[in-house]
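Participant: With the sequence up front, the predicted model follows.
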Amino acid sequence: MSPLLTHGSGLLLGAALGFVLQRGRFCVTGAFREVWTSGRTRWLTAYLIAIAVLSVGFFLLLGAGIVNAPSSQLPALATTVGALIFGVGIVLAGGCATGTFYRSGEGLIGSWLALIMYAVSAAAMKYGVLAPINSGLREPTLPMVSVHDTLGISPWFLVVPFVAFVGYLTWRQLRAERGLKVATLPPQRTGLEHLLFEKPWHPFATAIVFGLIAIAAFPLSYSAGREGGLGITTPSANLAYGLVAGDVAKLVDWGTLLIIGIILGSFIAAKASGEFRLRVPDTRQMVRSLTGGVLMGVGASWAGGCTIGASLVGAAQFQWNGWLAFGGFFLGVGIAAKIFLRPKTSPPAGTSAPVKQPVSV
């Protein structure tokens with residue numbers, strides 16, 4: 001197959017992902033943050049749905065011999081420390097890695113700043129002056145790859161109960177929302193245009209589409225000679241390094257084209273829905289965005305990825321690293337939320353303010 005088609009699929013899939021994230025307002029930072037600040041689990045449930053969908057798809061692909069099982073052992077200390085740092089960073093930056101990318105496409109200057117520092121600090125950790133520090137913490141490993149390998153069981157003995165558990169959480173959340181009055185503005189569009197660019201997307205529907213895109217990433221990435229699925233941190237480092245060092249191979253890598261596509265897809269969605277607008281943060285938020293971006297790059301490098309590459313993909317594969325990173329990200333967000341954010345009071349049951357879009361997370 002032509003390299004133009006195999007590598008170009010990264011750009012197209014990234015554009016689809018950026019479109020879905022922007023229209024669905026999907027960001028893991030908000031999913032974790034709202035648990036700590038308001039006790040709500042709606043977006044956390046959505047995140048778990050995406051993991052469940054991807055888990056089923058991945059192990060079907062593995063059984064068909066299309067993908068390979070992960071083989072990296074567990075750098076427990078690096079993952080724990082890195083995930084906590086990353087969790088704090090995404091609160092300061094105002095979004096996780098993919099959230100920062102899609103908000104950059106919407107015109108948020110603060111996200112641009114966080115994104116630049118995220119990419120630069122990740123490149124420094126992987127290829128630059130901080131590489132010895134990165135490898136030094138990641139070298140001590142435990143001989144543990146996946147939960148099912150450790151237990152000596154089929155992965156389906158974990159996948160099926162997990163899917164059932166997520167299904168129960170979904171049912172419980174939908175039951176709680178039944179009869180909830182959500183005031184909306186009168187629609188200005190009709191048909192498919194209304195559904196795509198105006199009607200608020202339910203988090204669970206967005207999560208399912210997100211999970212399907214994550215499944216598709218595996219065979220498309222493999223076809224380009226890259227073993228893996230969705231990943232944000234290494235492609236971001238490759239983009240920064242490629243631009244500075246003139247390494248064309250890193251610039252046309254499938255993963256690099258994926259993250260460029262996320263910004264492109266988000267921009268298209270934001271423009272089409274009338275949500276694109278250049279927004280300049282105040283000085284305080286600029287400092288937070290820059291600091292958060294650095295913490296994201298450093299933390300994700302140690303943790304083996306961000307909330308997508310490490311905890312979405314890794315958890316779906318039932319890697320020990322994925323679930324350890326998940327817990328570290330969650331705790332890191334909680335620590336930062338307690339320090340930097342004020343708790344939000346949940347609205348009375350059955351009421352809500354008029355909205356055009358779901359609350360951004």
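Facilitator: Perfect, thanks for sending it. Residues are numbered from 1 along each chain as shown.
Participant: drop to CA atoms for contacts and neighbour counts, all remaining ones
Facilitator: Will do.
Participant: Spit out the contact partners of I66.
Facilitator: Going by CA atoms under 8 Å, 6 or more residues apart in numbering, I66 touches P219.
Participant: Provide the secondary structure category for it.
Facilitator: Three-state call for I66 (DSSP: H, G, I helix; E, B strand; the rest coil): coil.
Participant: Next, work out how far apart it and F318 are.
Facilitator: 18 Å (CA to CA, to the nearest Å).
Participant: now what about the one helix or strand I208 maps to, what contacts it?
Facilitator: Secondary structure here is read from DSSP states H and E; on that basis I208 sits in helix 203-223. The contact list for helix 203-223 (CA under 8 Å, 6+ apart) reads 6-7, 9-10, 13, 16-17, 20-21, 24-26, 42-43, 45-47, 49-54, 57-58, 66-67, 227-230, 254-255, 313.
Participant: do the same with stretch 96-107
Facilitator: Contacts of stretch 96-107 (CA under 8 Å, 6+ apart): 18, 21-22, 26-29, 90, 93-94, 111-112, 114-115, 232-233, 259, 262-267, 270-271, 275-279, 296, 306-308.
Participant: Which of those fall within helices?
Facilitator: 18, 21-22, 28-29, 90, 93, 111-112, 114-115, 233, 259, 262-267, 270-271, 296 (DSSP state H).
Participant: What subset of the residues you listed is buried?
Facilitator: Neighbour counting over the ones in helices among the contacts of stretch 96-107 (16 or more other CA atoms under 10 Å) leaves 18, 21-22, 28-29, 90, 93, 111-112, 114-115, 233, 259, 262-267, 270-271, 296 as the buried ones.
Participant: Quick test: name the residue nearest the centre of this structure.
Facilitator: Central residue of the chain (CA atoms, centre = their mean): I308, 3.8 Å from the mean position.
Participant: In contact with that residue, which residues?
Facilitator: 97-98, 230-232.
Participant: Please identify the buried residues of the helix or strand bottoming out on mean pLDDT in the chain?
Facilitator: When each helix and strand of the chain is scored by mean pLDDT, DSSP states H and E, helix 191-197 comes last, with a mean of 83. By 16+ other CA under 10 Å, the buried positions in helix 191-197 come out as 196-197.
Participant: Alpha carbons of it, as CSV, please.
Facilitator: Taking Å, rounded to 0.1, in the frame of the first residue of the first chain, the C-alpha atoms of helix 191-197 are listed here in CSV:
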residue,chain,number,x,y,z
GLY,A,191,-31.5,17.6,9.7
LEU,A,192,-27.9,16.3,9.7
GLU,A,193,-26.5,19.8,10.0
HIS,A,194,-28.4,20.2,13.3
LEU,A,195,-27.2,16.9,14.6
LEU,A,196,-23.5,17.4,13.7
PHE,A,197,-23.0,21.1,14.4
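Participant: Make sure L84 is actually in contact with A336.
Facilitator: No. Checked against CA atoms under 8 Å, the pair L84 and A336 is beyond contact range at 9.6 Å.
Participant: Specify which residue of those two has the higher count of neighbours.
Facilitator: Taking other CA atoms under 10 Å, L84 and A336 do not tie; L84 has more neighbours (28 against 20).
Participant: Quick check: closest non-adjacent residue to that one.
Facilitator: G332 (4.2 Å; CA to CA, 6 or more residues apart in numbering).
Participant: What lies in contact with the helix or strand where the one you found lies?
Facilitator: Per DSSP H and E: G332 is located in helix 320-340. The contact list for helix 320-340, computed with CA under 8 Å, 6+ apart, reads 29, 32-33, 36-37, 74-76, 79-88, 90-92, 144-147, 303-304, 307, 310-316.
Participant: mind redoing it with 6 Å?
Facilitator: 32, 36, 74, 79-80, 83-84, 87-88, 145-147, 310-311, 314-315 (CA atoms under 6 Å, 6 or more residues apart in numbering).
Participant: hmm, which two among those are most spread apart?
Facilitator: W36 and V145 (30.0 Å; CA to CA).
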